[in-house]
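Chemist: give me the fold of what follows.
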Amino acid sequence: MLYADERGVARIYQMSLAGGVWKMWRESSGFSQRMTGTVSSDGNTSTCHGELSRDGSHWEQALDVTYTRKH
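Modeler: Numbering: from 1, shown residues only. Next up, the predicted model:
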């Protein structure tokens, strides 16, 4: 996945989706990120937990988000 924003930041993330678990991550010197999301059984909601690491070893909470499909 390619991420870009109005600040001019652009990042490439790896992604996987298997068994109702969505993962997204990027490993980068000085600022790595990872997110794990669980997709609900009806497929309408994904609850995600994101973390970041500045040294590649210690991880801290960065962002929790819930995505809901709008009908």
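Chemist: how about the strands in this protein?
Modeler: 2-4, 10-12, 14-18, 21-26, 32-39, 45-53, 60-68 (DSSP state E).
Chemist: partner strands of the first one, with direction?
Modeler: Meaning strand 2-4. strand 10-12 (antiparallel) (DSSP bridges).
Chemist: show me what residue 50 is bridged to.
Modeler: residue 35, residue 63.
Chemist: please list all residues in contact with it.
Modeler: 33-35, 61-65 (Cβ atoms under 8 Å, 6 or more residues apart in numbering). Bear in mind the C-beta positions are built from the backbone N, C-alpha and C, glycine included.
Chemist: using JSON lines, lay out these together with pLDDT, distance to residue 20 and neighbour count.
Modeler: Converted to JSON lines, the contacts of residue 50 look like this (pLDDT from 0 to 100; distance: Cβ to Cβ, whole Å; neighbours: other Cβ atoms under 10 Å):
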{"residue": "33", "pLDDT": "96", "distance to residue 20": "22", "neighbour count": "19"}
{"residue": "34", "pLDDT": "97", "distance to residue 20": "18", "neighbour count": "18"}
{"residue": "35", "pLDDT": "96", "distance to residue 20": "15", "neighbour count": "20"}
{"residue": "61", "pLDDT": "96", "distance to residue 20": "22", "neighbour count": "9"}
{"residue": "62", "pLDDT": "94", "distance to residue 20": "22", "neighbour count": "13"}
{"residue": "63", "pLDDT": "93", "distance to residue 20": "20", "neighbour count": "11"}
{"residue": "64", "pLDDT": "97", "distance to residue 20": "18", "neighbour count": "11"}
{"residue": "65", "pLDDT": "96", "distance to residue 20": "17", "neighbour count": "11"}
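Chemist: from residue 22, how far out is the residue lying farthest from the centre of the chain?
Modeler: Most distant from the centre of the chain: residue 71, at 23.6 Å, with distances by Cα atoms, centre = their mean. With distances taken as Cβ to Cβ, to the nearest Å, residue 71 is found 20 Å from residue 22.
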